[in-house]
Structure formats: C-alpha cells, structure tokens
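below is the sequence, then the predicted model.
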Amino acid sequence: MRASLRLFALSLLAAGPILLAPAIPSPAMAQELSDEGRMPSLSGATHWFNSPPLTTQALRGKVVLVDFWTYSCINCLREMPYIRAWAEKYKNSGLVVIGVHAPEFEFEKKTDNIQKAISRFHVDFPVAVDNDRSIWNSFNNEYWPAAYFIDAQGRIRHHHFGEGDYATSERIIQTLLTEAGAKNVPISLVDVSASGEQAEADMNNVGSPETYIGYARARNFISTGGAVQDSANDYVLQGTPELNQWGVTGNWTVTDEHATLNAQGGGITYRFHARDLHLVMGPGPNGKPIRFRVTIDGRTPGMQHGTDIDEQGNGTVTSQRLYQLVRQTGPITDHTFHIEFLDPGVQAFAFTFG
C-alpha cells in the first residue's frame, strides 16, 4: 500500500470563496467528462451503516458519488456538509451517495467510533467501512477526502481530491443526472452554512501544516533530547518555539502513531499561524475522561476559544476524535498554543488547522 497524506496542500489551493459557477449542465459538458474506467467493486467493505451492502450491479442506472473520508480528518469534515446536502437534494433525481470510511488511525477502525461520528455529523447516506483499505486500493485512491463521480452506466467520469471547488462538483452531478435521463434536475447550487469544525476554513491565513505527533511522521519536534521511541521519557521544552515548532513537557511515551501522557500535568506547546487549531486526541485504554486547560500566549482564550473548550480554556477529552481548541476572531497572527492535561492517559495524534 502506498503511503497516503491528507490534502493539506491541495486544500490550500482548492478551498476558499467559491468562484462563479459553470454554465447550466448541457450535452456538451457531458461529452467533456472523461471515462476513467468502470467503478470497482464495493465487496471489500467490512461493515455498512445506513444501508445493506450495495453492489455495482444494484447501482447500475443510478448516478453514484463515492466519497472517501475518515472521521478525524478536518478536510473531510469541512467537505461533509456539501456531500450531505447533495445526497438529500438529488436523491429523487437518481443520485446515490456512498461514503467510504477508510481509516488513517487505528482508533478509526472501531465501528462504535464510526457510529458516533455518523450521528454527530448527521450522516444519513450509506457508509461502507473500509477497514482493510480494499475499496481504497481498488480505486487506486491516495487521498482524504476524494470524490469519484460515476455515471448510470457504471463508468467513473470525474474525480476530485481535497475539499473545495464545490460548485464544479455539483454541476457534474447535475450533468450526469441529466445525461441519465432524469427529469427536472435542479439547476441551482446548494447553499451550505456550517459551524464548528465543519465551517469553511480561512485558507488565506493558514500558515501551519498538519502536524503528526507520533514519531513515524513527526516534524519540527523540539523537546530537549528529541523523541524517545516507544519508551516512557521525561520531556522538557526550553524557550518559546519558532513558527510551526512544537514540543511536549512531562512524562510521555511516544509511539509511531501517537504520544501517551503517563502522569498528570504534562502538556504540548505549538507556535502556529491559523484561524483555527484542532488536535486529534482521545482517552487511553481505560476510557476515563481527561481534563485539560488551554492557553494562548500564556493567557486564557476568551473569545478565541474553539467549540470544545470554554472561555477559560477548560475542556475534557471523552472520546477519540478531533477537538477544536482555537477559533480566532479578528486579524490572524502567530500565537503560542499550550495545552496542559490535568489527568494522565491522554493519547495525542495530530494537529490540524483552518
């Protein structure tokens, strides 16, 4: 399996204000869409939500949108309101949306976690759980999110990697439905207004990259002595990090995928530039809630707090997911983020920004 990265770089280019929409779907537009081959089988799914198992044969005659996502990916979460809106708007015209949940982290393979995410984000279209990456590999996919547009004959006619460019994607759905003979296909575009971590990113002000905490993909880690692999170690962070540098303090065990805090009072510091800061984390194996406190430049966040903390910076890790910890208002500048954990056991996976 080839290594896969979320589309931070591509989303910088793709997201942002939607440009003027293309012309109303026409036969000429349909002819311009390519033929990228037949839709691969969905038989590799290990579980299905919101639907019995679907097959390519049963989907023949339908326009299908296959969307690869995973529930802790911020780019996927920001795209999801559009996917959900298209599924509802065009279901009576013959569109079938299938979300293929392909995990990045081990905890994203747990069906209970996926079910909670489906409920949290109001996903009511079919979701195929692709824990073995069987469907992912059959599509030769490499990205989260990734959308494949399939015509009524079962041919892939277009794909889009990353978030953004929603107007073009919706016009393609309209074109394929019209090509399939659907009547009265709406020609308007969905008007999505999302909140929390699903709100559109301020990509013009994102100056920090997705940052993994596990040693396999960690970059710019500056705690004294560097990361000690797979063993408990006391870490110290001296001075203030430069932009996009980060480190941990306290006693942690750093593995290839995450870092686990072994004693209360440890923390993580990151110098960042973005409107939003998120941290993917969860409680340890015992599942006990973990209290934490966030500061920005040494002060309580106030109105700069994210949806998962209060104005004093207080929050609790209760499940394995993405937590929004900072949402700035006003001009975006560099800031030093710090999170201190008041209980041991937290597992921290990755920072993302928006």
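Alright, I've got the coordinates.

residue ranges with poor pLDDT in the stretch 201-350 of the chain?
Judged against pLDDT under 70, the stretch 201-350 of the chain has no low-scoring part.

what ranges does it have for its strands?
Using DSSP state E, counting those that start in this stretch, the strands of the stretch 201-350 of the chain run over residues 211-212, 232-235, 246-254, 259-261, 267-272, 276-282, 290-296, 314-317, 321-327, 335-341, 347-353.

Phe125 is nearest to which of these?
Phe125 lies closest to strand 321-327 among these, at 20.4 Å (CB to CB). Just so you know, the C-beta spots here come from the backbone N, C-alpha and C atoms, and that holds for glycine as well.

which strands or helices does that closest one pack on?
helix 111-120, strand 276-282, strand 290-296, strand 314-317, strand 335-341 (3 or more CB pairs under 8 Å, 6 or more residues apart in numbering; DSSP states H and E).

so which of these is nearest Tyr90?
helix 111-120 (20.2 Å).

if you count neighbours, what's buried in that closest one?
Neighbour-count burial for helix 111-120 flags Asn113, Ile114, Ala117, Ile118 (criterion: 16 or more other CB atoms under 10 Å).

pull the number of nearby residues for Ile172.
Neighbourhood size, Ile172 [other CB atoms under 10 Å]: 23.

Gly266 versus the residue lying closest to Asp256 once chain neighbours are set aside, what's the distance?
Distance criterion CB to CB, 6 or more residues apart in numbering; nearest residue to Asp256, sequence neighbours excluded, is Ala216 at 4.0 Å. Ala216 sits 21 Å away from Gly266, going by CB to CB, to the nearest Å.

how about Asn233?
On the measure of CB to CB, Asn233 and Gly266 end up 11 Å apart.

and the spatially most central residue of the chain, what's its pLDDT?
Taking CA atoms, centre = their mean, the centroid of the chain lies closest to Cys73, which sits 1.9 Å from it. What the model reports as pLDDT for Cys73 is 98.

pretty sure it sits against Glu104.
Yes - in terms of CB atoms under 8 Å, Cys73 counts as a neighbour of Glu104; the distance is 6.8 Å.

perfect, that will be all.
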